[in-house]
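>>> here you go, sequence then predicted model.
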Amino acid sequence: MVEPIRVGVAGLGTVGASVIRLLERQRQALTSRTGRPIVVTGVTARDKARDRGVALSGMQWFDDPVSLAKSSNIDLFVELVGGDEGPAREAVEAALRSRKSVVTANKALLAKHGMGLAKLAEEMRVALAFEASVAGGIPIVKTLREGLAGNQIVRVYGILNGTCNYILSRMEREELSFEECLKEAQRLGYAEADPTFDIGGFDTAHKLSILSSLAFGTAIDADAVHIEGIQTISLADLKAAEELGYRIKLLGVAQRTADGIEQRVHPTMVPRSSSIAQVMGVTNAVTIDADAVKELTLVGPGAGGEATASAVVADIADIAKGIRSAPLGLPVAALDHSPRVAVQRHEGGYYIRLSVYDRPGAFASIAARMAERQISLESIMQRTGVGPRSASQPGQPVPVVLITYATTETVIRQALEAVLADGYIAERPQVIRIERE
Ligand code: HSE
């Protein structure tokens, strides 16, 4: 009889409960696939009394994650507690130190301490697996680390936060308010405990820093991610995007350039015909540009209990089979420290929405400030239907939307400062970068 692998699960929220259910539902298939039974022998969560709709009989209850992590009753520790410090970090370190493999969905922990944890796992010769930390059910970690080993990757980008995509999709389609959509995302269990992590772009940045490391063989550097959230996106922008043939998505983009690696998270205009623009709701999508495979896009559920549990269980199955990959694809000492490129040096097209006082000279000022800096305009649209007002009154601000051809961030910002100084603009411009396939 083959020895079972004994699993301890810390955190029994939406994902934790789904992991236990999934392991039970697929018990026989998993035993056949891995060659040994997978048994949950220990659990811990904040509230023992809460009914989670899963049977915990036969599992030892622990009052805190660290004692579960150290228990001799488990071989593998699954961390679904969350948070980049405190019990999650302590328990993961304790598990690794006691030579237990770890499976985690904790992108915040990995973004901040991934390098140290990967090194510790390496020293202890155990696995540190984190498929569920990026893009929920999409097997993007395995794809980058194993599936594309024969490629040089030049860019990885995508929709990495289900909550934001859900909010933007519903706002656009149903003209609902931001707040209404966020509440619904929370009700459905997509949002982080603190939803500012989602809407502020931080969750995407954590995930992007992990993808960047896997894609480029470089150390995780989450502090170098330029981050903008979706709080400033209005229905006016969503409508203008539609009229101009674009859609707005919160993208995480990591790109190798001649100067180093760009890592940025921001609302982005994507052509309406692009595959990423078709991705709506909680769905995530990751596109990889690489030399051999050219372009590869993976699309799937980015959040939610079952989808995330699917990734956690895949990691558990790998470990049950005895697979121990270098967590970040290379030994920690072999990861490079490529410089990160500041967003000011970003080159691309821009969407600019200005609130312009409707009086003579306004357009001339905008055009002159752009032309002075060699910024070429792809389109310019003055629409009374785009903004809060439905009809123009002389002297009152009206929305003007510009789409530029490729230029640099620094030049755009300088031009807009000059436009502001001319006094025709009623409020700070809305600027959204354009990303093309
Ligand atoms: N809050 C995250 C999201 C959960 O909305 O994508 C998955 O990481």
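Yep, it's here.
>>> which parts of the chain sit against the ligand?
Contacts of the chain with the ligand, taken as CB under 6 Å from any ligand atom, map to 136, 161-163, 190-192, 198, 203, 302-303. Just so you know, the C-beta spots here come from the backbone N, C-alpha and C atoms, and that holds for glycine as well.
>>> please redo it, this time with the cut-off set to 5 Å
161-163, 190, 192, 198, 302-303 (CB under 5 Å from any ligand atom).
>>> just name the shakiest helix or strand of the chain by mean pLDDT.
strand 377-382 (a mean of 90; mean pLDDT, DSSP states H and E).
>>> give me the contacts around that strand.
When contacts are defined by CB atoms under 8 Å, 6 or more residues apart in numbering, strand 377-382 is touched by residues 240, 243-244, 349, 356, 363, 367, 370, 398-405.
>>> show me how to select, in PyMOL, the buried members of those residues.
Here is the PyMOL selection string for the buried members of the contacts of strand 377-382, based on 16 or more other CB atoms under 10 Å:
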select buried, resi 240+244+349+356+370+398+399+400+401+402+403+404
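>>> what's the farthest-apart pair in the contacts of strand 377-382?
Largest separation among the contacts of strand 377-382 by CB to CB: 398 and 405, giving 23.9 Å.
>>> so who does residue 204 touch?
Residue 204 touches 160-161, 164, 227, 250-252, 265, counting by CB under 8 Å, 6+ apart.
>>> buried sites along the least confident helix or strand of the chain?
Neighbour counts over strand 377-382 (16+ other CB under 10 Å) mark residue 382 as buried.
>>> now stretch 74-92
Neighbour counts over stretch 74-92 (16+ other CB under 10 Å) mark 74-82, 84, 87-89, 91-92 as buried.
>>> what is the end-to-end distance of that stretch?
One end of stretch 74-92 sits 13 Å from the other (CA to CA, to the nearest Å).
>>> and of the residues of the chain next to the ligand, the nearest to residue 235?
Distance to residue 235 across the residues of the chain next to the ligand (CB to CB) is lowest for residue 163, with 18.3 Å.
>>> in a helix, that closest one, correct?
Yes. Assignment of residue 163 by DSSP: H, G, I helix; E, B strand; the rest coil places it within a helix.
>>> could you find the closest non-adjacent residue to it?
Nearest residue to residue 163, sequence neighbours excluded (CB to CB, 6 or more residues apart in numbering): residue 198, at 3.9 Å.
>>> residues touching that neighbour, list them.
Applying CB under 8 Å, 6+ apart, the residues near residue 198 are 161, 163-164, 185, 190-192.
>>> still on that earlier bit, could you dump the residues of the chain next to the ligand to TSV with distance to residue 34?
Formatted as TSV, these follow (distance: CB to CB, whole Å):
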residue	distance to residue 34
161	31
162	29
163	33
190	30
192	31
198	34
302	26
303	26
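>>> same list (those) but as JSON lines, adding pLDDT and distance to residue 208.
As requested, the residues of the chain next to the ligand are exported to JSON lines (pLDDT from 0 to 100; distance: CB to CB, whole Å):
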{"residue": "161", "pLDDT": "97", "distance to residue 208": "10"}
{"residue": "162", "pLDDT": "95", "distance to residue 208": "15"}
{"residue": "163", "pLDDT": "96", "distance to residue 208": "15"}
{"residue": "190", "pLDDT": "89", "distance to residue 208": "18"}
{"residue": "192", "pLDDT": "90", "distance to residue 208": "15"}
{"residue": "198", "pLDDT": "97", "distance to residue 208": "14"}
{"residue": "302", "pLDDT": "92", "distance to residue 208": "13"}
{"residue": "303", "pLDDT": "90", "distance to residue 208": "16"}
